[in-house]
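Trainee: Structure for the following, please:
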Amino acid sequence: MTISIVFTFVGADKPGLVETLSNTVSEHHGNWLESRMSQLAGNFAGIARINVSSDKAEALRNALTRASSDELTITVQEESHHQSDITRRTVNLNLMGNDRPGIVKELSSALASLHVNVMEMNTNVTSAPMSADPLFEATASIQIPASVDILELSDRLDDIGNQLDVIINLDV
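Mentor: This is a model prediction of the structure:
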């Protein structure tokens with residue numbers, strides 16, 4: 001029988017980090033199934049899901065935990081099998097506007113109030129083309145419960161967009 005282990009890691013970005021982690025997985029006969037990794041501000045972070053036979057899982061968990069250090073933080077847990085019984089549809093959200101504190105907080109609060117789940121989100125600050133003012137951009141994949149009216153969500157996001165002076169669009 002195989003089980004899935006999920007581990008997260010964050011540490012100073014340097015060549016060989018992923019190789020070290022993948023070697024540990026391979027040495028314990030794990031199969032690297034999926035992952036998301038990114039470099040940001042000199043740090044490298046990721047989350048990975050590994051399949052491993054149940055008789056080798058504890059050794060893999062221990063090896064990954066031992067690889068954690070002052071320079072690399074690793075957390076290990078079993079895959080969560082929590083499945084919501086709520087039917088959801090996935091849509092993409094795009095946001096753009098002048099940067100200011102609180103944009104992510106206001107957006108995430110509005111989404112949470114309607115039980116909308118953020119599956120993935122990327123944010124970035126760039127320079128506006130003409131003025132070079134800081135421009136905040138966000139893209140997200142969100143899951144909306146079937147019970148939530150898409151027009152109600154769109155209206156709520158329009159209100160927040162007006163308050164924050166940003167444009168928020170849903171790609172339905």
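
Trainee: Show me which parts of the helix or strand where A112 lies are buried, residue by residue.
Mentor: Using DSSP states H and E, A112 maps to helix 103-113. Neighbour-count burial for helix 103-113 flags I103, L107, A110, L111 (criterion: 16 or more other CB atoms under 10 Å). No exception for glycine: its C-beta is placed from N, CA and C like everyone else's.

Trainee: and G161, how many neighbours?
Mentor: Neighbour count of G161, defined by other CB atoms under 10 Å: 20.

Trainee: surely it meets I167?
Mentor: Yes - the pair G161 / I167 is scored as a contact, 5.9 Å apart, by CB atoms under 8 Å.

Trainee: For the residue most central in space within the chain, list each beta-bridge partner.
Mentor: Central residue of the chain (CA atoms, centre = their mean): E120, 4.6 Å from the mean position. Beta-bridge partners recorded for E120 (DSSP bridges): S141.

Trainee: now S38
Mentor: A45.

Trainee: List the contacts of it.
Mentor: If you count contacts by CB atoms under 8 Å, 6 or more residues apart in numbering, S38 has them with F44, A45, G46.

Trainee: again, only using 10 Å
Mentor: With contact taken as CB atoms under 10 Å, 6 or more residues apart in numbering, S38 is in contact with D13, F44, A45, G46, N122.

Trainee: ok, those residues vs V25, which is closest?
Mentor: Nearest to V25 among the contacts of S38, counting by CB to CB, is G46 at 12.4 Å.

Trainee: Count residues in the vicinity of the closest one, would you?
Mentor: 17.

Trainee: With S141 instead?
Mentor: By other CB under 10 Å, 15 other residues sit near S141.
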